[in-house]
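J.: Quick check, what structure comes out for this input:
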Amino acid sequence: MRALIEKTRTFRRFEQSRQIDQQVLTDLLNLARLGGSARNCQPWQYAIFNDDTSCRAIFPYLGWAGYLSDWKGPVEGEQPSAYILCLLNRNWLKGSDKEAQFDLGIATQNLLLGAMESGIGGCRIGAFNPKLAELFSLEEHLELSLVLALGYPKKSVVLEETQNADDIKYWRDADHIHHVPKRKLNDILIEVALRQ
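T.: Next up is the predicted model:
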């Protein structure tokens, strides 16, 4: 399991010409569906897009890699070959928006672990132009919250331990290898005493 988690990174460059089958995407959504949910309200619904026309329409509305200010996102030929829109169904929401977002984290992690097991990489994108939602005929109770970009990865991602716990910015080297600093286990594990 650790190896799969280490391989399940955020990928931002893909083999755009390699399509992802609709059934594969549906199977991945089934993994998302099976995750835990606060109050078991399961307030999320999803829309799959894996055709070239839809993918080209969605792409311009997305923000990519905030720490890489000189990079505007994947170029033609390296863009995602599928997207999944994560839609909050307000009619199904029984708890708070905060609880729903926790559920979405669980659901998308399940999905991305399953995707990586099949050699498919992904990127959660919350930085999108709100006008993206206007491309779709969404019912009033559905709210676009997150976009999952998916495809067969075209780049390498390397995990490395930080030398300084505050140095967490990811970066790319001259060979376009993406480096992701992770805080050391000793930096995140702390002791907290009970109050007397």
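J.: C-alpha from now on. contacts and neighbour counts both.
T.: OK.
J.: for the chain, what spans make up the helices?
T.: 2-7, 22-33, 52-58, 97-117, 185-188 (DSSP state H).
J.: Could you point out which of these sits nearest Trp171?
T.: helix 2-7 (17.2 Å; Cα to Cα).
J.: Would you indicate which residues of that closest one are buried?
T.: Residues Lys7 are the ones in helix 2-7 that count as buried (16 or more other Cα atoms under 10 Å).
J.: And for stretch 152-166?
T.: Quick answer for stretch 152-166 (16+ other Cα under 10 Å): Tyr152, Pro153, Lys154, Lys155, Val157, Thr162.
J.: ok, now which ones touch Leu28?
T.: Contact partners of Leu28, counting by Cα atoms under 8 Å, 6 or more residues apart in numbering, are Leu111, Leu112, Gly114, Ala115.
J.: if I look at the closest residue in space to the third one that isn't next to it in sequence, how far off is Gln22?
T.: What that stands for is Gly114. Counting by Cα to Cα, 6 or more residues apart in numbering, Gly114 lies nearest to Leu28, which is 6.3 Å off, once chain neighbours are set aside. Separation of Leu28 from Gln22 (Cα to Cα, to the nearest Å) stands at 10 Å.
J.: swap in Gly35?
T.: 21 Å.
J.: out of these two, which sits in the busier spot?
T.: Neighbour count, other Cα atoms under 10 Å: between Gly35 and Gln22, Gly35 has more, with 18 against 14.
J.: you'd agree that one is up against Ile106?
T.: Yes: in this structure, Gly35 is within contact of Ile106 by Cα atoms under 8 Å, at 6.1 Å.
J.: which strands and helices sit next to the helix-or-strand element of the chain with minimal mean pLDDT?
T.: One helix or strand of the chain scores below all others by mean pLDDT, DSSP states H and E: strand 171-172, with a mean of 84. Counting contacts by 3 or more Cα pairs under 8 Å, 6 or more residues apart in numbering; DSSP states H and E, strand 171-172 is packed against strand 178-182.
J.: redo that, cut-off 10 Å
T.: strand 157-161, strand 178-182 (3 or more Cα pairs under 10 Å, 6 or more residues apart in numbering; DSSP states H and E).
J.: quick one: contacts of the first one?
T.: Read it as strand 157-161. 6-12, 167-168, 170-172, 176-185 (Cα atoms under 10 Å, 6 or more residues apart in numbering).
J.: Quick one: mean pLDDT for stretch 48-62?
T.: Per-residue pLDDT values over stretch 48-62 give a mean of 98.
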